[in-house]
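Chemist: here are the coordinates; sequence isn't available:
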């Protein structure tokens, strides 16, 4: 796999699977099922770029992020970081790699220890990895504070003395301390007010440019994801349903779920909101313990046919005309490693009947019962 | 006829650190069958405002009036309020899991609500009514789901159950406090769709409190933007979005990443909202405002009409012609700011020359 194209790729996730056991019974606990949190996901994160990951609660996006960060071991599959498979590493061998991957969490209130001073929180990475001590550490921490827009004189304050936006800046400074290559942002701005959210997004963009960072950016806000991402992947029930360069995905969504998700996102524009054809999905996301057979979206899909309940559609690239590529072409694409993997340069969709531009989806789902009938 | 008329409402909380002035003189009307969207960031006072109307702010000092169908809500005794709350005005909160009792069945909780207000309804009738309500809000198989506990419902279904409960006594007004904030986008779309449909069918008035301008764009008729306990701007929905006058409203709209500006830099409002204990002088937005001039530092502006219709009011010292995002409006704003800054500059120059003494004066006279 180590071709020339791989040089652009920082993280390569191959067929990653993460199941969590469901235990039952009293004294002797036994496994009665598996939560299929992430089920056979492949993707790439390119150097210096941002891969956006969207999906609703329970789609497995945070589990995927934790596997990539090496925080939890995957059930099977590989995470290749900078050419090295990190899934089989021992704790000791993993340690130097932890410098290169950092995380920023959603909740700036619970991700900072309230009893420790900000200087100590941001300085921890230096202590843990023994890269700076004493006065040098303090100087480095204050530089970081300055860089993320905090007053370096506030070195000795506690997290409670900062506002939500400032706390998220503390989280960013901590993640930045060891000059990582990849920062995993798990809903970094969801808990912030709109005006503060924009400040943090601008900061993340500046830092990316300055340090050549790669981001794996997880959020449920589609506008935010579009704003920051170069490539976007849409997850549903542990699988990637569609992935493409950001503009292609937002302007020509192919998977009915993506179409529904985009139509559901509230736009701050009353005329656009009134003109929009909303695809209201019926029902809730099914249980990941027993995901539907075939395409996982078929029970809620307005376009579902018999085949969708039986055969799982593979992720295939679409050609320019918006039609799934024929076999010859996808074989040609496969020769460029990375292109047809989510996060690569191609628009890939896992759907038997992808939406064509201009098509209107009926606002209903339920195993295709309402198909073709305007409701 | 106006359903709810709130006049000059003030709410403050005495705390050990000082008096928190959460709401500072807010007035608004709600008409029957219409939706008022109240937008604001954390700490703008939007939740305190509506909770005060229902007598839910304990330990607060409240001034002003809130006349609902002829009686002042703020003057009601706890007993009288109990008959209004739930029956005539009901509330939907953000987090449906903490608003439902975990140990009672959903149907029981709806039935209890009905029987608490009307003793003549039998348990059986109330149970049947609970099933009907659950069906109305789109819960599948309501006959069996009515006996479920809250944990057996998904987030969206719980919020539907809350809406069913809010509708149970056919209130005239529903206050929805961030009802979709905890929900996913597709579920949020379902809930907003449901609220709109029910409102059309039942003619209920709705106050929608949210920080999300997208939700307001979708569901509101009129919008009130709040900042630091006051209304910054109040107008019909389209005017707020397409011809905002107040720099705060404008800043909020520009902070949203939208498809038109994908990849470009966002234009956030600098700084953060002020402490409600220690408010800045003059206009409370002036430390963060790009159009600030002398008057803003000393006098707090009040809502005044900025459009000919009179329905669009803004609490900002900028000239009223500056409404809208057009080039002309920008020019007017610039002029206003420059005009005032010019005066300031002239004053500073005069003071400076007076101190420097004769030399400057001589130069002046020579020129």
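Modeler: Happy to help now that I have it. Computed from a predicted structure; not experimentally measured.
Chemist: ok, residue B:237 - contacts?
Modeler: Neighbouring residues of residue B:237 by Cβ atoms under 8 Å, 6 or more residues apart in numbering or on different chains: A:270, B:37, B:216-217, B:220-223. For the C-beta atoms, the positions are set from N, CA and C on the backbone; glycine is no exception.
Chemist: same question, residue B:225
Modeler: The contact partners of residue B:225, taken as Cβ under 8 Å, 6+ apart, are B:39-40, B:231-234, B:240, B:246, B:248-249, B:252.
Chemist: coming back round to it: most neighbours, which of the contacts of residue B:237?
Modeler: residue B:216 (28 neighbours; other Cβ atoms under 10 Å in any protein chain shown).
Chemist: what's the neighbour count on the residue in the stretch 151-300 of chain B positioned nearest to chain A?
Modeler: As assessed by Cβ to the nearest Cβ, chain A sits closest to residue B:214 within the stretch 151-300 of chain B, at 2.7 Å. Neighbour count for residue B:214, taken as other Cβ under 10 Å: 22.
Chemist: sec struct for it, please.
Modeler: Under DSSP: H, G, I helix; E, B strand; the rest coil, residue B:214 falls in the helix class.
Chemist: once you drop chain neighbours, what's closest to it?
Modeler: Spatial nearest neighbour of residue B:214, chain neighbours left out: residue A:266 (2.7 Å); criterion: Cβ to Cβ, 6 or more residues apart in numbering or on different chains.
Chemist: OK, contacts around that neighbour?
Modeler: Contacts of residue A:266 (Cβ under 8 Å, 6+ apart): A:273, B:185, B:188-189, B:192, B:212, B:214-215, B:217-218.
Chemist: got those as a markdown table, with pLDDT and distance to residue B:53 columns?
Modeler: A markdown table is the format used below for the contacts of residue A:266 (pLDDT from 0 to 100; distance: Cβ to Cβ, whole Å):
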| residue | pLDDT | distance to residue B:53 |
| --- | --- | --- |
| A:273 | 82 | 28 |
| B:185 | 83 | 30 |
| B:188 | 86 | 25 |
| B:189 | 86 | 28 |
| B:192 | 89 | 23 |
| B:212 | 88 | 22 |
| B:214 | 88 | 25 |
| B:215 | 90 | 20 |
| B:217 | 91 | 25 |
| B:218 | 89 | 24 |
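Chemist: and of those, the nearest to residue A:165?
Modeler: Within those, proximity to residue A:165 (Cβ to Cβ) peaks at residue B:212, which comes in at 17.3 Å.
Chemist: my guess is the closest one contacts residue B:179. True?
Modeler: No - look at residue B:212 against residue B:179 with Cβ atoms under 8 Å: they stay out of range, at 10.7 Å.
Chemist: looking at these two, which is more packed in?
Modeler: Legend: neighbour count by other Cβ under 10 Å for residue B:212 and residue B:179, higher for residue B:179 (27 against 20).
Chemist: is chain A contacted by stretch B:138-154?
Modeler: Yes - using Cβ under 8 Å from any Cβ of the partner chain, stretch B:138-154 comes into contact with chain A via B:140, B:154.
Chemist: quick revisit: filter the contacts of residue B:225 down to the ones in strands?
Modeler: Here DSSP state E is the test, and these give B:39, B:231-234 as lying in strands.
Chemist: which one of the contacts of residue B:237 sits closest to residue B:64?
Modeler: Proximity of these to residue B:64 (Cβ to Cβ) peaks at residue B:222, which lies at 19.8 Å.
Chemist: need the pLDDT of that closest one.
Modeler: On pLDDT, residue B:222 comes in at 95.
Chemist: and if you look at residue A:184?
Modeler: 96.
Chemist: what values do phi and psi take at it?
Modeler: phi -90, psi 120 (degrees, to the nearest 10).
Chemist: need the strands for the stretch 101-250 of chain B, in chain order.
Modeler: Assigned by DSSP state E, counting those that start in this stretch, the stretch 101-250 of chain B shows strands spanning B:173-177, B:205-210, B:222-227, B:230-236.
Chemist: possible to save those strands as TSV with distance to residue B:44?
Modeler: Output for the strands of the stretch 101-250 of chain B, formatted as TSV (distance: least, Cβ to Cβ, whole Å):
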stretch	distance to residue B:44
strand B:173-177	13
strand B:205-210	10
strand B:222-227	4
strand B:230-236	9
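Chemist: can you say which of the ones you listed is nearest to residue B:281?
Modeler: strand B:230-236 (14.2 Å).
Chemist: and chain A, which of the contacts of residue B:225 reach it?
Modeler: With Cβ under 8 Å from any Cβ as the criterion, the contacts of residue B:225 include residue B:252 near chain A.
Chemist: dump the residue contacts of residue 314.
Modeler: No chain specified, so I'll use chain A. Residue A:314 makes contact with residue A:350 under the criterion Cβ under 8 Å, 6+ apart.
Chemist: actually chain B
Modeler: B:232-235, B:245-246, B:249, B:303-304, B:306, B:320, B:323.
Chemist: what bridges to it?
Modeler: Beta-bridge pairing for residue B:314 (DSSP bridges): residue B:233, residue B:304.
Chemist: where's it relative to residue B:322, distance?
Modeler: In this structure, residue B:314 and residue B:322 are 9 Å apart, going by Cβ to Cβ, to the nearest Å.
Chemist: which neighbours do those two share?
Modeler: Shared contacts of residue B:314 and residue B:322, defined by Cβ under 8 Å, 6+ apart, are found at B:245, B:306.
Chemist: quick check: closest non-adjacent residue to residue A:40.
Modeler: Closest to residue A:40 by Cβ to Cβ, 6+ apart is residue A:15, at 5.4 Å.
Chemist: in the host helix or strand of that neighbour, what counts as buried?
Modeler: According to DSSP states H and E, residue A:15 maps onto strand A:9-24. The neighbour-count criterion (16 or more other Cβ atoms under 10 Å in any protein chain shown) identifies A:9-14, A:16-20 as the buried residues of strand A:9-24.
Chemist: again, but for stretch B:285-300
Modeler: Neighbour-count burial for stretch B:285-300 flags B:285-289, B:291-293, B:296, B:300 (criterion: 16+ other Cβ under 10 Å).
Chemist: closest residue of chain A to chain B?
Modeler: residue A:266 (2.7 Å).
Chemist: give me the three-state assignment for that residue.
Modeler: Here residue A:266 takes the coil state, with states given by three-state DSSP.
Chemist: mind checking pLDDT for it?
Modeler: Here the pLDDT value assigned to residue A:266 is 79.
Chemist: before we move on, the earlier item: which of the contacts of residue B:237 sits closest to residue A:190?
Modeler: Comparing those against residue A:190 with Cβ to Cβ places residue B:216 closest, at 18.5 Å.
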